[in-house]
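return atomic coordinates for the entry below.
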Amino acid sequence: MPSHRPDQRITSVKPLTVPAPGRGADLRVKVTAPTEGRDLPVIVFSHGNAWSMDAYTPLADRWAAAGFAVVQPTHLDSRRNGIGWDDPRFATIWRVRISDLHAVIDGLGDVLAQADGLEERVDRGRIAVAGHSWGAQTAGAVLGARVLDAEGTPGEDFSHPAVAAGALIAATGTGDTLTPFAAEHLPFMRPDYSTMAAPTLVIAGGKDQSQLSTRGPEWFTDAYRLSPSPKSLLTIDEGEHSLGGIVGEAAAETTDEAPARAALVADAVAAYLLDALKVDGAAWKEFAQAADSTWSVSDK
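Next up, the predicted model:
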């Protein structure tokens with residue numbers, strides 16, 4: 001039984017390189033894990049637009065302290081790569097993002113071998129994916145969601161057989177209410193969740209008003225409402241898109257800074273995945289029972 005005390009000492013190793021032929025730039029990742037323990041479950045995390053492996057430490061550090069090995073790739077849309085909306089490469093980055101997660105999962109042994117021998121302490125039979133914002137759509141594709149084309153036809157299946165569960169934080173909703181800007185620059189933002197069968201936790205903020213959709217905060221619950229069971233939904237009433245600051249304490253995009261809220265998001269994902277990955281069958285139930293007037297949980 002792996003150790004998953006929420007107060008373990010942790011360590012991070014970066015940058016590590018993952019082979020990614022044809023990508024045009026090296027795929028670099030950061031690995032964060034507890035310094036002790038064996039049979040550690042894995043979370044592969046996809047960042048939101050423009051961020052990198054160095055962001056989301058409020059999540060990664062807390063997950064590692066709870067007993068997970070966390071792998072964070074830097075996608076091509078990271079600011080450090082200088083690829084903007086009008087760059088001709090931008091139109092296919094959504095596919096490269098998905099390929100990045102596949103490359104990390106397929107090359108996980110080599111990645112962990114670069115991380116101070118972590119390969120011997122990880123349970124590669126317990127792998128989950130998670131993501132925030134655009135990263136949530138990326139992770140959703142690896143969990144089985146597809147992308148609809150302009151005619152509404154589902155695209156290819158990008159699911160990965162090694163992934164057992166996931167968590168989608170502020171995930172893109174359906175594409176029928178995209179703003180003109182989103183429709184022009186982000187036509188791939190048309191997810192079809194009907195094929196996302198893997199157990200998944202969806203986290204949505206009750207005050208998350210996207211600039212990419214004409215709908216309100218309920219847009220971010222589509223991944224829960226429109227996908228098959230088993231799924232769970234955590235709604236945080238006062239949460240905006242950064243959900244208290246999950247990207248980082250000093251991030252300018254954090255409009256609702258609240259460290260306790262960011263910790264709630266991290267703890268929810270940890271509890272859900274400990275349960276879904278069959279590490280601790282009571283973790284999610286215990287978490288849900290602690291709900292108060294500021295957040296709620298639904299299961300199906």
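
contacts, neighbours, all on C-alpha from now
Fine.

state the three-state secondary structure for the nearest residue to Ser242 once chain neighbours are set aside.
Excluding its sequence neighbours, the residue lying closest to Ser242 (Cα to Cα, 6 or more residues apart in numbering) is Thr254, at 5.3 Å. Per DSSP: H, G, I helix; E, B strand; the rest coil, the local secondary structure of Thr254 is coil.

and Thr254, what does it touch?
241-245, 247 (Cα atoms under 8 Å, 6 or more residues apart in numbering).

strands along the stretch 101-250 of the chain, start to end?
122-132, 146-147, 163-169, 191-192, 200-205, 231-236 (DSSP state E, counting those that start in this stretch).

elements contacting the fifth one?
The elements that strand 200-205 packs onto, with contact taken as 3 or more Cα pairs under 8 Å, 6 or more residues apart in numbering; DSSP states H and E, are strand 163-169, helix 222-225, strand 231-236, helix 259-276.

neighbours of Gly82, how many?
By other Cα atoms under 10 Å, 11 other residues sit near Gly82.

ok, Gly239 next?
Using other Cα under 10 Å, the number of residues around Gly239 comes to 26.

ok, now which ones touch it?
Contacts for Gly239 were tallied using Cα under 8 Å, 6+ apart; they are 204-208, 256, 261.

please name the nearest non-neighbouring residue to it.
Excluding its sequence neighbours, the residue lying closest to Gly239 (Cα to Cα, 6+ apart) is Gly205, at 4.1 Å.

dump the residue contacts of the one you found.
By Cα under 8 Å, 6+ apart, the contact list for Gly205 reads 170, 217, 220, 235-241, 243.

ok, so what distance separates it from Gly244?
For Gly205, the distance to Gly244 (Cα to Cα, to the nearest Å) stands at 10 Å.

ok so, going back, closest to Ser12 out of the contacts of Thr254?
Val247 (16.7 Å; Cα to Cα).

residues in contact with that closest one?
55-59, 254.

make it 7 Å
Val247 makes contacts with 55-57, as judged by Cα atoms under 7 Å, 6 or more residues apart in numbering.

again, but for Thr235
Thr235 touches 203-206, 295-297, counting by Cα under 7 Å, 6+ apart.

so how many other residues sit close to Trp85?
Using other Cα under 10 Å, Trp85 has 12 other residues around it.

confidence score at it?
For Trp85, the pLDDT comes out at 76.

got a list of what it touches?
Taking Cα under 7 Å, 6+ apart, we find Trp85 in contact with His185.

okay, the helices and strands packed on strand 200-205, which one's buried deepest?
Most buried of those, by mean neighbour count (mean count of other Cα atoms under 10 Å): strand 163-169, with a mean of 27.

report the beta-bridge partners for Thr200.
Taking DSSP bridges, one finds Gly166, Lys231 as the beta-bridge partners of Thr200.

if we can go back for a sec, could the helices and strands packed on strand 200-205 go into a markdown table alongside distance to Pro180 and mean pLDDT?
Converted to a markdown table, the helices and strands packed on strand 200-205 look like this (distance: least, Cα to Cα, whole Å; pLDDT from 0 to 100):
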| stretch | distance to Pro180 | mean pLDDT |
| --- | --- | --- |
| strand 163-169 | 24 | 98 |
| helix 222-225 | 20 | 98 |
| strand 231-236 | 28 | 98 |
| helix 259-276 | 31 | 97 |
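
mind giving me JSON lines with the ones you listed and columns for distance to Leu16?
Listed next are the helices and strands packed on strand 200-205 as JSON lines, based on distance: least, Cα to Cα, whole Å:
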{"stretch": "strand 163-169", "distance to Leu16": "21"}
{"stretch": "helix 222-225", "distance to Leu16": "32"}
{"stretch": "strand 231-236", "distance to Leu16": "33"}
{"stretch": "helix 259-276", "distance to Leu16": "24"}
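
can you say which of the ones you listed is nearest to Leu186?
Evaluated over those, closeness to Leu186 peaks at helix 222-225, with 17.7 Å, by Cα to Cα.
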